[in-house]
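In: starting from these lines, generate the structure:
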Amino acid sequence: MPELPEVETTRRYLAAHLPGARVAAVALHDPRVLERPDPATFAAQLAGATITEVRRRGKYLILDLAPAPPPAPAAAGPAPATRHLVVHRRMTGNLFLREPGAPPDAHTVAVLSLADGRELRLCDLRRLARLWLADAAELAALDRALGPEPLTPAFTPERLAASLTRRRARLKALLLDQRLVAGLGNIYADEALFAASLHPARLAHTLTAEDIARLHTAIRTVLEQGIHNEGTSFRDYRGAVGQPGRNQLLVAVFRRTGQPCPRCGTPIVKTRVGGRGTHYCPQCQR
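Out: As a prediction, this is how the structure comes out:
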């Protein structure tokens, strides 16, 4: 699943190339990816809208939209509401910005055709990605449902401690809870726990202040590394122009079962924590 670094990599490219673009038409090749509203309303509300900003919240990509101007003379009544296109790529979704005349992409489920001839394509092998139009209140509700962004000043060791140290649950499972830390997923949770020398099945309430400080630093470090390397591409993830990430070349434990730990040489072990495949070094992460 694309996690914070993968979504942020896509966001940065789109933020440099999409603002000011006007949506000319919308095509839903698989309506199942649309959460709301209905396909006809979705297409009608998007047509003519201008993309003003591209943002990210956790694993969600958000395109702010200025509505199409009303036909002249303007009808009496309130101005059209500002909308936000929210994209959640889930397991195998990719978002590509293609130049005019680019060949089709496999597994395309939705296309925003832009007035300048470019296309923003949502492609998903497993059809699990979701997109929807949200108003300001719905976007605020999404923001409230998510924990702090781990690369912002709001994510402090004290806030992480408040989320973990009273919980009698396994550490790895809690790190995947988007209400506690927004954007952290399976890959980067494993990498952060290794960097902090913490066992993924350790009960969170047993952590010391020193443990929390190491974990806080490790979360930031592995996410910043992932962004610097444009994400982790083991199979499905690609960036906004189809490029693979490079971070898979630098992971310490994830998907390295049986390979030597880069720190001590002990073979990496795979287990399951909270139903998720989990990789760790049994020597460094006792």
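In: let me see the contact set for the residue nearest to the spatial centre of the chain.
Out: The centre of the chain sits closest to residue 59, judged by C-alpha atoms, centre = their mean, with a distance of 2.4 Å. For residue 59, the contact set (C-beta atoms under 8 Å, 6 or more residues apart in numbering) comprises 1, 2, 3, 4, 7, 88, 89, 178, 182, 183, 185. Any C-beta I mention is one placed from the backbone N, CA and C, and that applies to glycine too.
In: one more time with 6 Å
Out: With contacts defined as C-beta atoms under 6 Å, 6 or more residues apart in numbering, residue 59 is in contact with 7, 183.
In: the domain parsing of this protein - what is it?
Out: Split into domains by automatic domain parsing, the chain comes to 4-145, 157-280.
In: among the ones you listed, which comes closest to residue 151?
Out: Closest to residue 151 of the domains of the chain, according to C-beta to C-beta: domain 157-280, at 6.1 Å.
In: span of the closest one from start to end?
Out: Counting by C-alpha to C-alpha, to the nearest Å, you get 23 Å between the two ends of domain 157-280.
In: equivalent analysis for stretch 152-160, please.
Out: Start-to-end span of stretch 152-160 (C-alpha to C-alpha) is 13 Å.
In: ok, and what's touching that stretch?
Out: With C-beta under 6 Å, 6+ apart as the criterion, stretch 152-160 contacts 148, 212, 213, 216.
In: and the first one, how close does it get to residue 9?
Out: Note on residue 148: its distance to residue 9, by C-beta to C-beta, to the nearest Å, is 20 Å.
In: which parts of the protein are strands?
Out: 23-28, 34-36, 50-57, 60-66, 83-88, 93-98, 108-114, 119-124, 130-134, 269-273, 276-280 (DSSP state E).
In: residue 165: which of those strands is closest?
Out: Going by C-beta to C-beta, the one of the strands of the chain nearest residue 165 is strand 269-273, 18.4 Å.
In: got the contact list for the longest helix along the chain?
Out: Across the chain, the longest stretch assigned as helix under DSSP state H is helix 209-228. Defining contact as C-beta under 6 Å, 6+ apart, one finds that helix 209-228 is touched by 4-5, 8, 150, 157, 160-161, 188, 191-192, 195-196, 247.
In: may I see the buried residues of it?
Out: Under the neighbour-count criterion of 16 or more other C-beta atoms under 10 Å, helix 209-228 has 211, 212, 214, 215, 216, 218, 219, 222, 223, 225, 226, 227 buried.
In: any chance of these in TSV, plus pLDDT?
Out: Listed next are the buried residues of helix 209-228 as TSV, based on pLDDT from 0 to 100:
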residue	pLDDT
211	98
212	97
214	98
215	98
216	98
218	98
219	98
222	98
223	98
225	98
226	98
227	98
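In: closest to residue 13 out of these?
Out: After measuring the buried residues of helix 209-228 against residue 13 - C-beta to C-beta - the closest member comes out as residue 227, at 12.0 Å.
In: how far away is that closest one from residue 220?
Out: According to C-beta to C-beta, residue 227 stands 11 Å off from residue 220.
In: low-confidence ranges in the stretch 101-250 of the chain?
Out: The stretch 101-250 of the chain contains no residues with pLDDT under 70.
In: ok, back up a step: can I get the domains of the chain in a markdown table with distance to residue 286?
Out: As requested, the domains of the chain are exported to a markdown table (distance: least, C-beta to C-beta, whole Å):
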| stretch | distance to residue 286 |
| --- | --- |
| domain 4-145 | 28 |
| domain 157-280 | 6 |
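In: can you tell me which of those is most buried?
Out: Ranked by mean neighbour count, the domains of the chain are led by domain 157-280 with a mean of 18 (mean count of other C-beta atoms under 10 Å).
In: what about the nearest residue to residue 66 once chain neighbours are set aside, distance to residue 61?
Out: Residue nearest to residue 66 in three dimensions, not counting chain neighbours: residue 50, with 4.5 Å by C-beta to C-beta, 6 or more residues apart in numbering. As judged by C-beta to C-beta, residue 50 and residue 61 stand 17 Å apart.
In: re earlier: surely the residue nearest to residue 66 meets residue 67?
Out: No: taking C-beta atoms under 6 Å as the definition, residue 50 is not a contact partner of residue 67, at 8.3 Å.
In: between the strands of the chain, which gets nearest to residue 252?
Out: Here strand 276-280 is closest among the strands of the chain (C-beta to C-beta), at 8.8 Å.
In: pull up the pairing partners for the closest one, direction included.
Out: With DSSP bridges as the test, strand 276-280 is paired with strand 269-273 (antiparallel).
In: thanks a lot, catch you later.
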